[in-house]
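K.L.:
Below: sequence and its predicted model.
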Amino acid sequence: MALRIEDYALIGDTQTAALVGRDGSIDWLCLPRFDSPACFSALLGDESHGRWLLAPAGDVRRTERRYRRGTLVLETDFHTDGGVLQIVDSMPIRDEAPDVVRLARCLSGRVAVRMELVLRFDFGRSVPWVQRAENGGMTATAGPDAVHLIPGRPIRGRDLTTIAEFELEAGDEVPFVLTWYPSHEDEPRPVDGIAATADTTAWWEEWSARSHADGSHRGLVQRSLITLKALTYAPTGGIVAAPTTSLPEQIGGVRNWDYRFCWVRDATLVLQSLMGAGYMDEAVAWRDWLLRAVAGSPSELQIMYGPAGERRLTELELDWLPGYEGSSPVRIGNAASDQFQLDVYGELMDALAQAAEGGIEADADAWRLQVALMEYLEGAWDEPDEGIWEMRGERRAFVHSKVMTWVAFDRAVRMVEQYGRKGPVDRWRAQRDAVHREVCERGFDGERNSFTQSYGSRGLDAATLLIPAVGFLPPDDPRVIGTVEAVQRELLRDGFVLRYDTTEAADGLPPGEGAFLPCSFWLADALTLIGRHDEAREQFDRLTALANDVGLLAEEYDPQLGRHVGNFPQAFTHVGLVNTARNLDKAADSPARERAEA
């Protein structure tokens, strides 16, 4: 039976990542980078599609795990009748090829250990050609890919599986190192697993020491920041939404998408979280990735790109994989990259305005790109689109999309007024006002006192919770308060927020998905803005209680099953945690709050 999604922990080297299960298995690993074909994909099938197990050979009485403080180095302690075995998992920050290092350490007593390695390339489809290596290890080759295993104990092959069985006594420490390299090149120089683990620990400790994060939830916030760093593709600065594909939004359902790409709409919130914690180098790298990725014709702006800015993200279904707990199809690539979504113009302009306000200087070429984007938006803002949720049904006039076009014009005006940029500011002001009037007239349901999902619809959309956050209306506007209350009334499930009601929405897919955790953080933000601080903190505490034992959160949560669902860990969720924690701390320290409680 498959582990639960929340039973996994993340390791990575800021270019790719792996998921390690509580049972000592690595069931998901993409090499050499996030969106490459996986070497292990048992998470989407079974162990015959790739798996690396390192664990006690006998029964386990209790398992405990943790990250080393301030790092992405994972320690898992297996308590057995004979003693305690600790597995230390990490991926060294690479200077050559990507490595996965696993240390088996006996902390007490005597423990029998078993290692099983099933290597499959091309998402579990290709069985590689395995050869013995001179150092007692092995190489496995399939097409352009090869991996080399340096084992700490003798290995043997059986039924297309590489096995090692051995015993450790207290104080023994044995490394296993797996390294990827192009099959047409020589093997990379060998890695000392014990030294590499120490170096990796030190690298993450130094990075965490730069953090300015503080407040009442500093531990969870810093873990989220480490997760964001782990999801960064270091060569370009792009941040992928998640390291996985096709983990289902409903167990057994079809809403299974590839999230190993970089979304433009994450830009503003990512910048806020990075700059707020003092990680300016990462914020600059993310801003620069955005500018390179979107460069070109404004009409060809995409909602997402590959880690290096790739634009062709063709969606394919992998029919040889049964999917996580039978949730099919399994997809790679994402057809939503070809959708027309107006909100990305607002998110891009807002992100660049946030960067300027945070002291990140932009050059003249960046502003020329922004002006070109605004010129295109002037003629396109009133068109229907697919919306923030990438619906695969008919295009509509989504309220959130229109609000974000208002944001685009507003931020363009702000850049002229506050930062001396040159542009047709009077025209942009007029467009901004026109969008505002239309949204308030056509996107608001006066009878229900709430903004709706799209013009003329009765459905609600959690994205409208962002209306006060982006400045479209002030928090004390009755329409904002009415919208927050309507979302609480109609989209809340056991305290968690649905994106929208999939049973009623014509989104081109069968109904059913979990509550969307970023939206649930947006509710906490909206409650904070309208002055309901106690409700906001209760909502935040409810959400952070979902974090697994090592502080990670998925995309969604199924309240009925009590399980994480969707891709994992999710950058957007962790960004929401960081920013909501900061907003709550600011509200708690505000003079207005102190006067209200006096």
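P.N.:
Structure's in. What do you need? This structure is a prediction, so every number in the text was calculated from the model and none was measured. Residues are numbered from 1 along each chain as shown.
K.L.:
which phi and psi does Ala146 have?
P.N.:
Ala146 adopts backbone torsions of phi -150, psi 150, taken as degrees, to the nearest 10.
K.L.:
With adjacent residues omitted, what lies nearest to it?
P.N.:
Ser183 (4.0 Å; C-beta to C-beta, 6 or more residues apart in numbering). C-beta coordinates here come from the backbone N, C-alpha and C atoms, glycine included.
K.L.:
Let me know how buried that neighbour is, in neighbour terms.
P.N.:
17 (other C-beta atoms under 10 Å).
K.L.:
tell me the contacts of it?
P.N.:
Ser183 makes contacts with 141-146, as judged by C-beta atoms under 8 Å, 6 or more residues apart in numbering.
K.L.:
how about CSV for these, with secondary structure added?
P.N.:
As requested, the contacts of Ser183 are exported to CSV (DSSP: H, G, I helix; E, B strand; the rest coil):
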residue, secondary structure
Thr141, strand
Ala142, strand
Gly143, coil
Pro144, coil
Asp145, strand
Ala146, strand
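K.L.:
Just put the residues you listed in CSV and tack on pLDDT and distance to His212.
P.N.:
Below are the contacts of Ser183 laid out as CSV (pLDDT from 0 to 100; distance: C-beta to C-beta, whole Å):
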residue, pLDDT, distance to His212
Thr141, 96, 46
Ala142, 95, 45
Gly143, 93, 46
Pro144, 95, 43
Asp145, 95, 40
Ala146, 96, 42
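K.L.:
Return the member of those nearest to Leu301.
P.N.:
Leu301 lies nearest to Pro144 out of the contacts of Ser183, by C-beta to C-beta, at 31.9 Å.
K.L.:
And the helices in the stretch 451-598 of the chain, which stretches?
P.N.:
Along the stretch 451-598 of the chain, the stretches classed as helices by DSSP state H, counting those that start in this stretch are 478-490, 517-529, 533-544, 571-589, 591-597.
K.L.:
Tell me which of these sits nearest to Pro298.
P.N.:
That would be helix 571-589 among the helices of the stretch 451-598 of the chain, by C-beta to C-beta, at 24.8 Å.
K.L.:
can you pull the contacts of Arg437?
P.N.:
With C-beta under 8 Å, 6+ apart, Arg437 has no contacts at all.
K.L.:
about what we covered before: with mean pLDDT and distance to Val550 added, can I get the helices of the stretch 451-598 of the chain in TSV?
P.N.:
Formatted as TSV, these follow (pLDDT from 0 to 100; distance: least, C-beta to C-beta, whole Å):
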stretch	mean pLDDT	distance to Val550
helix 478-490	97	31
helix 517-529	98	17
helix 533-544	97	13
helix 571-589	94	13
helix 591-597	49	33
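K.L.:
Could you measure from the spatially closest residue to Leu498 that is not a sequence neighbour over to Ala308?
P.N.:
Excluding the flanking residues, the one nearest Leu498 by C-beta to C-beta, 6+ apart is Leu491, at 4.6 Å. For Leu491, the distance to Ala308 equals 37 Å [C-beta to C-beta, to the nearest Å].
K.L.:
Gly109 too?
P.N.:
Distance from Gly109 to Ala308, by C-beta to C-beta: 48 Å.
K.L.:
Report pLDDT for the closest residue to Leu301 other than its chain neighbours.
P.N.:
Using C-beta to C-beta, 6+ apart and skipping the chain neighbours, the partner closest in space to Leu301 is Val294 (5.5 Å). Listed pLDDT for Val294 reads 92.
K.L.:
rewinding a little: if I look at the residue nearest to Leu498, how far off is Gln560?
P.N.:
16 Å.
K.L.:
wait, doesn't Val413 sit right on Gln431?
P.N.:
No: contact criterion C-beta atoms under 8 Å: Val413 and Gln431 do not qualify, at 9.4 Å.
K.L.:
ok, back up a step: how about the helices of the stretch 451-598 of the chain in a markdown table, adding distance to Tyr345 and mean neighbour count?
P.N.:
A markdown table is the format used below for these (distance: least, C-beta to C-beta, whole Å; neighbours: other C-beta atoms under 10 Å):
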| stretch | distance to Tyr345 | mean neighbour count |
| --- | --- | --- |
| helix 478-490 | 23 | 18 |
| helix 517-529 | 20 | 26 |
| helix 533-544 | 29 | 18 |
| helix 571-589 | 19 | 22 |
| helix 591-597 | 33 | 10 |
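K.L.:
Serialize the ones you listed to JSON lines and add fields for distance to Asp59.
P.N.:
Shown next, in JSON lines, are the helices of the stretch 451-598 of the chain (distance: least, C-beta to C-beta, whole Å):
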{"stretch": "helix 478-490", "distance to Asp59": "47"}
{"stretch": "helix 517-529", "distance to Asp59": "35"}
{"stretch": "helix 533-544", "distance to Asp59": "33"}
{"stretch": "helix 571-589", "distance to Asp59": "35"}
{"stretch": "helix 591-597", "distance to Asp59": "53"}
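K.L.:
so what's the closest residue in space to Asp7 that isn't next to it in sequence up against?
P.N.:
Leaving aside its sequence neighbours, Asp7 sits nearest to Arg22 (C-beta to C-beta, 6+ apart; 4.6 Å). Going by C-beta under 8 Å, 6+ apart, Arg22 touches 3, 7-8, 63, 65, 76.
K.L.:
what's in contact with stretch 518-529?
P.N.:
So stretch 518-529 is contacted by 462-463, 465-466, 468-469, 475, 480, 484, 487-488, 491-492, 495-499, 533, 535-537, 539-540, 542-543, 555, 570, 572-573, 575-577, 579-580, 583-584, 587 (C-beta under 8 Å, 6+ apart).
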